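Engineer: Predicted model and sequence follow; I will ask about them next.
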Amino acid sequence: MEINGLSAIVTGGASGLGEATARCLAAAGAKVTIFDMNADRGPAIAADIAGHFEKVDVVSAANVSAALEASAARHGEARILVNCAGIAIGEKTVGRDNIPHDLDRFRKLIEVNLIGTFNVIRLATARMAALEPLATTERGVVINTASVAAIEGQVGQVAYAASKGGIVGMTLPIARDLAGLGIRVCTIAPGLFLTPMMQGLPEEVQTSLGASVPFPSVPFPSRLGNPDEYASLARHICENAMLNGEIIRLDGAIRMAPR
Ligand SMILES: NC(=O)c1ccc[n+]([C@@H]2O[C@H](COP(=O)([O-])OP(=O)(O)OC[C@H]3O[C@@H](n4cnc5c(N)ncnc54)[C@H](O)[C@@H]3O)[C@@H](O)[C@H]2O)c1
């Protein structure tokens, strides 16, 4: 679909991959609403891109429904939804002194990353379904964010990998459910990207993670992904009507080692 003039929602748009996507879609002419819990950064980014910010916890049906209503009133019904909201923790199945993984922390990861993503999809696409199709016969497009950890989760990533594996697994059935409504669904599985989530790690860890990416390589230094590279793929998925039901790795050919 042609992005210019369309209404778009980006969850997690107050930081990192979501922020880059919000900026990229706005630059392509979309009217962007950021759904994020971070009310410190979100409004300033929205103002910068002539967009709109809604304070939203993606897990809450009431929050998401109210924010969809507000965004529709402001920008028209969204035809583009990019799900970037997410959190990460590290904890082993059995930790030091044989202490089992905390079950509430496991539940929390599944709740935010998997159920939160599905919650926004189900509510946003129910509204897209009522729109007139575009000239391309599409009504809308949804882009989710998994991770290469869905396939190569490392030591301590059991909860995160399970949440992202759920996003990978639901991509095709949702695409099949929504195909008759003219709504496409794809998932990007990023490798290692330099975002605030990653910047929280010590610098030597960031450098060593960057060095583990096979491409780019000699004569260029290996490096972490740039959030703009994620945003540019999200934009392409919006524009290419044949992309549907697919998981796209964006990772410079990295295959994560056990640790
Ligand atoms: N950075 C990477 O290397 C990388 C790699 C693979 C996958 N990912 C995934 O990409 C997505 C974005 O990651 P990022 O690196 O940009 O992280 P980030 O921490 O920079 O941004 C995440 C955003 O999500 C928001 N958020 C968290 N929980 C929320 C909730 N319940 N409701 C609404 N908003 C919420 C945060 O406030 C934040 O603004 C995440 O799903 C992450 O798991 C990131």
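Structural biologist: Received it, and whenever you're ready, just let me know what you need.

Engineer: now the closest residue to the ligand within the stretch 51-200 of the chain, nearest residue through space, not along the chain?
Structural biologist: Nearest residue of the stretch 51-200 of the chain to the ligand, counting by Cβ to the nearest ligand atom: Gly86, 2.1 Å away. Placement of C-beta: from N, CA and C, glycine included. In space, not counting the residues next to it along the chain, Gly86 is nearest to Asn113; the distance is 4.9 Å by Cβ to Cβ, 6 or more residues apart in numbering.

Engineer: Please give me every residue in contact with the one you found.
Structural biologist: Gly86, Ile87, Tyr160, Ser163, Lys164, Gly166, Ile167 (Cβ atoms under 8 Å, 6 or more residues apart in numbering).

Engineer: is it true that it lies in a strand?
Structural biologist: No. Asn113 sits outside any strand when classified using DSSP: H, G, I helix; E, B strand; the rest coil, being helix.

Engineer: That one and Ile247: what is the separation?
Structural biologist: Asn113 sits 15 Å away from Ile247, going by Cβ to Cβ, to the nearest Å.

Engineer: Repeat that for Met170.
Structural biologist: 11 Å.

Engineer: now swap in Val82 and tell me
Structural biologist: In terms of Cβ to Cβ, Val82 sits 15 Å off from Ile247.

Engineer: the more surrounded of those two?
Structural biologist: Per other Cβ atoms under 10 Å, whichever of Val82 and Ile247 has more neighbours is Val82, with 33 against 17.

Engineer: show me the contacts for the more buried one.
Structural biologist: Taking Cβ under 8 Å, 6+ apart, we find Val82 in contact with Ala8, Ile9, Val10, Thr11, Gly13, Gly18, Thr21, Leu25, Val142, Ile143, Thr145, Ala234.

Engineer: And it, how far from His75?
Structural biologist: Using Cβ to Cβ, Val82 is found at 14 Å from His75.

Engineer: out of the contacts of Val82, which is most surrounded?
Structural biologist: Val10 (35 neighbours).

Engineer: This protein: helices as residue ranges?
Structural biologist: Here the chain has its helices, by DSSP state H, at 16-27, 42-48, 61-75, 103-109, 116-128, 149-152, 158-179, 196-199, 203-211, 227-239.
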